[in-house]
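Novice: below are the sequence and a predicted model; questions follow.
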Amino acid sequence: MATNRINYLIGIGGTGARVVESILHCCAAGFGPNRLAIILVDPDEANGNLTRTKSLVSAYVDARMRLRTGDDSNPLFRTEVITPKDRNDIVWRIFNDKDVTLAHHINFDNLSARESPIADFMTVLFSEDELRTKLNEGFRGHPAIGSVVISNVDPLQQPWRMMFDDIVNAPNRPNEVAVFLVGSVFGGTGAAGVPTFGAPAMIKRREGASLEGADGKQSKVLLGGALVLPYFTFEMDAEAHKREGKELFVTGADFPIATKAALAYYDQRKDLAFDQLYLIGDSSDQRVGHFSPGRGDQDNRPHYVELVAALAAFDFFRQPEPEHSNGPIYFTAARDDARLHWNSLPVTRDESQIDALQTEFLYRTATMAVFSYALETRGLDVLRRGHKNILERWYYNNFRFNPGRAEEQHLDPNAGENRKSIETIALYGREFLQWISLMDAPEGGVDLVDRGKVFEVEPGAPAGRVRYIPFSRSSLGAFLKHPAERLANENFEGELVPLTFDQRSGSASDRFLTLFYEASSRFCRKNYKLQMQTSSR
Amino acid sequence: MLRRAPMNYLATLAAGAGLWLVTGFLAGTWLADRVSLQVMAVEDFLTTYRFALGAATVLGVLACCHWYRYGAKSSTALALNRAKKVWLGSLLTQVLFAAAIVAVITILMLAESLTAKDLGFVALGIALNTVIFFWLCSFLFSPPAVEHVVLGKR
């Protein structure tokens, strides 16, 4: 059954990290599988996208630990995200040393000194720049370099040890472990990593994964992948990069030819072990920021294609026992028109489930957005006033205690660990709102949210920095661009008032967060007129 | 149920009418039997007294109705600190009204040389129909969103 399967998500390169970010936010909203282990692959340690995703994993795990204290009524952060014990090990940096070059990795200088024919062969395969470029800032759009080094996986080292142990220990039945790779086909690390990990010996038919079957092709591993085709462009100063001595870099003009070569390669490699592949791309050429290999300011804004790749991963993990196929099954989807709406998002391969899952996805995303905003601008604002000055009925009905008595401190949502828990969730909520807001791009045909309903430009702040519109002035009911009643924020408050929870049920922070979640859920159902259908998840 | 319209308005009207009957008729009759009047006839005194109490009750009921209307507005739920100021302002207004009515009665009855005890009784009746009436009705019948704004409710 899909629900018992062990799920692994491997995000390769910058695009992989961005898709993992989208997946985490969807899991936070309650749309993910029960359990999901995450691995990131990127030699570019300082990459802003990677750094942000790593931080987000930590924020998710911390938020989940504080929220999920046994009560399953709240679906937020439902997915248990699994990482190695030391969270830094979630990233496989490929190289242990700094400033490694391909020449160093293959011991080229030594081979040359011994006049080995292998050294000559290397000079045929790789240019001098490719041999000498430092690789810890990524493979610079040259997947041929990456494919040499990425195959060097040490199964005893984290994060691979975590995955290979799970595969070995899984029951001896087909498809017990679902592994989903995601990376771009037009870059460096992703373009090298996805086909490399798709080779039979790397994961699917590795010792411990293979099963003895009549055709010898059975495996405990169900292997899938999302091949992300070009979907953005970026600003870069080529001359500046050359002045810095960085000769090897990719530009947006290289994407089409790299993609063509990559797809031809996948077509030729009949021996790759993928069971299912999703092809995802976009032609809108949206600008997402600037290009800075090896720099923390390579931190590009989210793109809806990353969300689509995330939905592909969820479809892969959700599937029941897969059909047997002699080769990979390819999945593609297309929009009905040039503009992207919530109903355009491809959520499932099962036609009979499309409506139900699209409704559920909208509902969960909307609820998480409303919850995040309301918690920050209304919830924390209320708590700041102090217990005696809080006059809201919903607060009084749920938090009755004497603040002067030490033995009743645990009933105060504003004290100690309770306050920390609420702030941890609010912190994640800020990340979620920023992610979903920045994905909106009317100029690029993406009509998902209207960020002007909850954010305003901070006057006098540099580069149009935004801040939350105060709760009383914002328009929650119009935030998501979807047919809605456009209920006023006062309606949200009205959903809070009648909610009462037993003071003995859960901690004060649990009750406070559940209040806001329930109110958000009810607000969204009424606002978007959502009839939740039962989906097979 | 008694905190939502129209029940809270009806309950307030009923309470006001009942209070006026008690303080105006019953207590007034008791007062009229004890007060020593120099110029005014007892019936005139009672009419003045009941009229003053009636005016106080009307002011009290109007203040309550204004508070219920304000408290039931959806925007009020998001600005309870301001709501508290509105309520305190209404309470203070009732105090001023009560003081004004007592002052008027005192001036009207200067020639009667009413004792301090008599004036105190009148002032108590006025206060009951204004300040105390407003506080009690808002304590019992305020809309849910502003229930805890009322002094003594928390």
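Specialist: That came through fine. Just so it is clear, the model here is predicted, and its values are computed rather than measured.
Novice: chain A contacts on chain B?
Specialist: B:74-75, B:77-81, B:83-84, B:144-149, B:154 (Cβ under 8 Å from any Cβ of the partner chain). In short, each C-beta sits where N, CA and C put it, glycine included.
Novice: make a ChimeraX selection of the buried ones in the residues you listed.
Specialist: Buried members of those, defined by 16 or more other Cβ atoms under 10 Å in any protein chain shown, are picked up in ChimeraX with:
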select /B:77,78,80,83,84,144,145,146,147,148,149
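Novice: ok, the residues of chain B next to chain A vs A:Thr196, which is closest?
Specialist: B:Leu78 (55.7 Å; Cβ to Cβ).
Novice: tell me where the longest helix sits in chain B.
Specialist: Ranked by number of residues, the top helix in chain B under DSSP state H is helix B:42-72.
Novice: quick one on the thing from earlier: inside helices: which ones of the residues of chain B next to chain A?
Specialist: Under the assignment DSSP H, those contribute B:Leu80, B:Asn81, B:Ala83, B:Lys84 to helices.
Novice: let me see the contact set for the first one.
Specialist: Translated: B:Leu80. A:Leu391, A:Glu392, B:Ala145, B:Val146, B:Val149 (Cβ atoms under 8 Å, 6 or more residues apart in numbering or on different chains).
Novice: need the contact partners of the least confident helix or strand in chain B by mean pLDDT.
Specialist: Within chain B, no helix or strand scores below helix B:27-34, which has a mean of 87 by mean pLDDT, DSSP states H and E. Helix B:27-34 has contacts (Cβ under 8 Å, 6+ apart) with B:Val42, B:Phe45, B:Leu46, B:Tyr49, B:Arg50, B:Leu53, B:Asp118, B:Phe121, B:Val122, B:Gly125.
Novice: ok, now stretch A:397-415?
Specialist: Looking at what lies outside stretch A:397-415 - Cβ under 8 Å, 6+ apart - the contacts are A:383, A:386-388, A:416, A:418-419, A:422, A:499-501, A:503, A:507-509, A:511-512, A:515.
Novice: nearest to chain A, of the residues of chain B next to chain A?
Specialist: Nearest to chain A out of those is B:Ser74 (Cβ to the nearest Cβ; 3.2 Å).
Novice: doesn't A:Glu493 make contact with that closest one?
Specialist: Yes - counting by Cβ atoms under 8 Å, A:Glu493 is a contact partner of B:Ser74 at 7.2 Å.
Novice: so which one of the residues of chain B next to chain A is the model least confident about?
Specialist: Within these, B:Arg154 has the lowest pLDDT, namely 75.
Novice: for that residue, what are its contacts?
Specialist: B:Arg154 neighbours (Cβ under 8 Å, 6+ apart): A:Lys388, A:Leu391, A:Tyr396, B:His148.
Novice: quick one: it from A:Val57, how far?
Specialist: Distance, B:Arg154 to A:Val57, by Cβ to Cβ, to the nearest Å: 43 Å.
Novice: out of the contacts of B:Arg154, which are buried?
Specialist: Here, 16+ other Cβ under 10 Å leaves A:Leu391, B:His148 buried among the contacts of B:Arg154.
Novice: return the member of the contacts of B:Arg154 nearest to A:Tyr363.
Specialist: Checking these one by one against A:Tyr363 (Cβ to Cβ), the nearest turns out to be A:Tyr396, at 29.9 Å.
Novice: quickly find the element holding that closest one.
Specialist: Assigned by DSSP states H and E, A:Tyr396 falls within helix A:393-398.
Novice: buried sites along that helix?
Specialist: A:Arg393, A:Trp394, A:Tyr395, A:Asn397, A:Asn398.
Novice: now stretch B:2-22
Specialist: Buried residues in stretch B:2-22 (16+ other Cβ under 10 Å): B:Arg3, B:Asn8, B:Tyr9, B:Ala11, B:Thr12, B:Leu13, B:Ala15, B:Gly16, B:Leu19, B:Trp20.
Novice: contact partners for the residue nearest to the spatial centre of chain B?
Specialist: Central residue of chain B (Cα atoms, centre = their mean): B:Thr130, 1.7 Å from the mean position. The contact partners of B:Thr130, by Cβ under 8 Å, 6+ apart, come to B:Ala56, B:Leu59, B:Gly60, B:Ala63, B:Gln94, B:Val95, B:Phe97, B:Ala98, B:Ile101.
Novice: farthest pair within these?
Specialist: B:Ala63 and B:Ile101 (13.6 Å).
Novice: what packs against the helix or strand containing A:Tyr517?
Specialist: Assessed by DSSP H and E, A:Tyr517 sits inside helix A:508-527. Packed against helix A:508-527 by the contact rule (3 or more Cβ pairs under 8 Å, 6 or more residues apart in numbering or on different chains; DSSP states H and E) you find helix A:48-67, helix A:354-374, helix A:393-398, helix A:416-439, helix A:489-496.
Novice: out of the ones you listed, flag the one nearest A:Gly13.
Specialist: Using Cβ to Cβ, the helices and strands packed on helix A:508-527 put helix A:48-67 closest to A:Gly13, at 8.8 Å.
Novice: which positions in that closest one come out as buried?
Specialist: Buried residues in helix A:48-67 (16+ other Cβ under 10 Å): A:48-54, A:56-57, A:59-64, A:66-67.
Novice: only alpha carbons, please: show stretch A:312-320 as PDB.
Specialist: Output in PDB follows, covering the C-alpha atoms of stretch A:312-320 (Å, rounded to 0.1, in the frame of the first residue of the first chain):
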ATOM      1  CA  ALA A 312       4.600  15.200  -9.500                       C
ATOM      2  CA  ALA A 313       6.500  13.800  -6.600                       C
ATOM      3  CA  PHE A 314       3.300  13.600  -4.500                       C
ATOM      4  CA  ASP A 315       1.600  11.800  -7.400                       C
ATOM      5  CA  PHE A 316       4.500   9.400  -7.500                       C
ATOM      6  CA  PHE A 317       4.500   8.700  -3.800                       C
ATOM      7  CA  ARG A 318       0.700   8.400  -3.700                       C
ATOM      8  CA  GLN A 319       0.300   5.800  -6.400                       C
ATOM      9  CA  PRO A 320      -1.000   2.400  -5.400                       C
END
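Novice: not counting that stretch itself, show me its contacts.
Specialist: By Cβ under 8 Å, 6+ apart, stretch A:312-320 touches A:1-2, A:5, A:7, A:9, A:19, A:23, A:26, A:31-33, A:36, A:178, A:180, A:182, A:224, A:226, A:276, A:278, A:280, A:331, A:346-349, A:536-537.
Novice: ok so, going back, so which elements touch the longest helix of chain B?
Specialist: Against helix B:42-72 (3+ Cβ pairs under 8 Å, 6+ apart) you get helix B:7-20, helix B:27-34, helix B:80-108, helix B:116-127, helix B:133-141.
Novice: what is the mean pLDDT for stretch A:336-355?
Specialist: What stretch A:336-355 shows for mean pLDDT is 90.
Novice: that one: how far from the chain's middle?
Specialist: 20 Å (Cα atoms, centre = their mean, to the nearest Å).
Novice: show me which of the contacts of stretch A:312-320 are buried.
Specialist: A:2, A:5, A:7, A:9, A:19, A:23, A:26, A:31-33, A:36, A:178, A:180, A:182, A:224, A:226, A:276, A:278, A:280, A:331, A:346-349, A:537.
Novice: rewinding a little: let me have the helices and strands packed on helix B:42-72 in CSV, adding distance to A:Leu311 as columns.
Specialist: Below are the helices and strands packed on helix B:42-72 laid out as CSV (distance: least, Cβ to Cβ, whole Å):
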stretch, distance to A:Leu311
helix B:7-20, 50
helix B:27-34, 75
helix B:80-108, 42
helix B:116-127, 68
helix B:133-141, 52
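Novice: how about the ones you listed, which one is nearest A:Asn527?
Specialist: Once the helices and strands packed on helix B:42-72 are compared by Cβ to Cβ, helix B:80-108 is nearest, at 23.6 Å.
Novice: can you pull the buried residues of that closest one?
Specialist: Applying 16+ other Cβ under 10 Å to helix B:80-108 flags B:80, B:83-84, B:86-87, B:90-91, B:93-94, B:97-98, B:101-102, B:105 as buried.
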